[in-house]
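Visitor: need a 3D model of the sequence below.
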Amino acid sequence: MARNYSILILFPSIYYDFASTTTNLDCQVACLDENWDKLRALRQKYGTAVSVFDPGHLASVLISSETDEVTSAEMVEEFAIEPLDDYMARSLAHRSDPKNVEEEVPLATT
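Guide: Just a heads-up that it's a prediction; the model follows:
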């Protein structure tokens, strides 16, 4: 299996006017909602072969495969982890469904 890597330009050092690093592009973004147990099971099974990064304050994580044996997409599919884009589409569909719209409550007047 071919790995997807890219070179990312970061910032200069005192010796060079550029810096570089290797970035793993074999990744998926998932919402934490309804995925906590699945993420725990994923980490338990794959250990250091998977990275689950939570940047904080977003309620989502970046799942990266750190092995050539299985891709992040295969990991997400194996544990039925809902990708963030699918979660957002489902949430928007739920909100726009007329049966889920709450009645407007008039403000009390004094």
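
Visitor: residue closest to the middle of the chain?
Guide: Residue closest to the mean C-alpha point of the chain, counted by Cα atoms, centre = their mean, is Val29 at 1.8 Å.

Visitor: contacting residues for it?
Guide: Counting by Cβ atoms under 8 Å, 6 or more residues apart in numbering, Val29 touches 60-63, 83-85. All C-beta atoms are positioned from the backbone trio N, CA, C, and that covers glycine.

Visitor: hey, where'd the strands end up in this protein?
Guide: 5-9, 20-24, 27-31, 50-53, 60-65 (DSSP state E).

Visitor: those into TSV, with extra columns for distance to Glu104?
Guide: What follows is the strands of the chain, written out as TSV (distance: least, Cβ to Cβ, whole Å):
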stretch	distance to Glu104
strand 5-9	48
strand 20-24	48
strand 27-31	29
strand 50-53	41
strand 60-65	31
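
Visitor: so which of those strands gets nearest Pro98?
Guide: strand 27-31 (24.6 Å; Cβ to Cβ).

Visitor: kindly list the longest helix within this protein.
Guide: helix 84-96 (DSSP state H).

Visitor: buried ones in that one?
Guide: For helix 84-96, a neighbour-count test (16 or more other Cβ atoms under 10 Å) marks 84, 87 as buried.

Visitor: please convert the strands of the chain to CSV, extending it with mean pLDDT.
Guide: Output for the strands of the chain, formatted as CSV (pLDDT from 0 to 100):
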stretch, mean pLDDT
strand 5-9, 52
strand 20-24, 77
strand 27-31, 96
strand 50-53, 95
strand 60-65, 96
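
Visitor: which one of those lies closest to Ala73?
Guide: In terms of Cβ to Cβ, the element of those nearest to Ala73 is strand 27-31, at 6.3 Å.

Visitor: need the CA coordinates for the closest one. PDB is fine.
Guide: Only the C-alpha atoms of strand 27-31 are listed here, as PDB (Å, rounded to 0.1, in the frame of the first residue of the first chain):
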ATOM      1  CA  CYS A  27      -6.200  10.700   7.600                       C
ATOM      2  CA  GLN A  28      -9.900  11.200   8.300                       C
ATOM      3  CA  VAL A  29     -11.800  13.800  10.400                       C
ATOM      4  CA  ALA A  30     -14.600  12.500  12.700                       C
ATOM      5  CA  CYS A  31     -16.900  14.100  15.200                       C
END
